[in-house]
Each structure stands twice: as structure tokens, then as C-alpha cells.
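>>> the sequence and its predicted three-dimensional model are supplied below.
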Amino acid sequence: MPKKTAEIIKQSGNEYVLQVKSNQKKLLEQITLNSNVSEAISIDETVEQNRGRDETRRVFVYDDLYGIDMEQWIGIKEIVKVERVTYTNNRDLPSLDTSYYISSACMTAKEYNKGIRS
């Protein structure tokens, strides 16, 4: 997810929700820190049961952009954290996965949950 992608999307008049992965180490560390020390402005939780597995998804939205280079990440307005806890029939312990996103849109956690899931 190059920074240029965010700039091109904004210049075209659109908004973005981009997943931040481990190759964006500095950004990932900063938004992880921000989400750990800030209070979410919106939270949503869904529970799904499907094909022998139960998944609980929690989505948290933050507007704390402290330490993020706003010139490099054109248009960034929110940080989105998605936690997935999955139980399967063949495992005793659940799996936990956390993903982070940056967004130029201002939406509720419910809206992000629906959009990221699609």
C-alpha cells in the first residue's frame, strides 16, 4: 500500500480505507500505539456462526492521528482496528487476529464492519 495510492485516490475525488500491513512498519507501530492509548469514537460487534466456526468481530474507530505524517498519508481521518476471535470445532483454543486500516472517510464502526467484511 504505497503512500502514492492514497494520494491518487484522494486526487480522483474518492475516499479510501487501506489495510496497513507489516511492510509499513512505522505506520503500523504508530496506529497500534494510538489505538492502545486512545478511546474509540465508535465500536461495533458482530457474531456469526458458519460451517463449524463461530467468529466474533469487533471494530473500533479512532480519530487520534498523533504521530502520523499527514503529508505522507494524504486525507487520513481515522484509524480502524478490527479484532476477529474465531472458534472452530476442531480446536480447543480460539484464534485471534487483529488488522488495522487507515481511512480518509468518517464512518461509524458498523459501516466499516460492513464494508471491510464485503
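Looks like it arrived, so ask away.
>>> which residues does residue 52 contact?
Residue 52 makes contact with 88, 89, 90, according to Cβ atoms under 8 Å, 6 or more residues apart in numbering. For the C-beta atoms, the positions are set from N, CA and C on the backbone; glycine is no exception.
>>> of the residues you listed, buried ones?
For these, a burial check counting by 16 or more other Cβ atoms under 10 Å picks out nothing.
>>> narrow those residues to those in strands?
Mapping the contacts of residue 52 onto strands (DSSP state E) picks out residue 88.
>>> closest to residue 106 among the contacts of residue 52?
Comparing the contacts of residue 52 against residue 106 with Cβ to Cβ places residue 88 closest, at 35.5 Å.
>>> relative to residue 42, how far out is that closest one?
29 Å (Cβ to Cβ, to the nearest Å).
>>> rank the contacts of residue 52 by pLDDT and give me only the lowest.
Least confident entry in these, by pLDDT: residue 90, with 78.
>>> for that one, give me phi and psi.
Main-chain dihedrals, residue 90, degrees, to the nearest 10: phi -90, psi 10.
>>> which non-adjacent residue is nearest it?
Leaving aside its chain neighbours, residue 90 sits nearest to residue 52 (7.7 Å; criterion: Cβ to Cβ, 6 or more residues apart in numbering).
>>> what are the phi and psi angles of that neighbour?
When read as degrees, to the nearest 10, the backbone of residue 52 gives phi 80, psi 20.
>>> what about it, distance to residue 59?
24 Å.
>>> and for residue 6?
Taking Cβ to Cβ, one finds residue 6 at 21 Å from residue 59.
>>> of these two, who's got more company?
Set residue 6 next to residue 59 and count neighbours by other Cβ atoms under 10 Å: residue 59 wins out with 27 against 19.
>>> now do the helices in the chain.
Under the criterion DSSP state H, helices of the chain are mapped to 3-11, 25-37, 109-117.
>>> now those as JSON lines including distance to residue 79?
Formatted as JSON lines, the helices of the chain follow (distance: least, Cβ to Cβ, whole Å):
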{"stretch": "helix 3-11", "distance to residue 79": "14"}
{"stretch": "helix 25-37", "distance to residue 79": "5"}
{"stretch": "helix 109-117", "distance to residue 79": "11"}
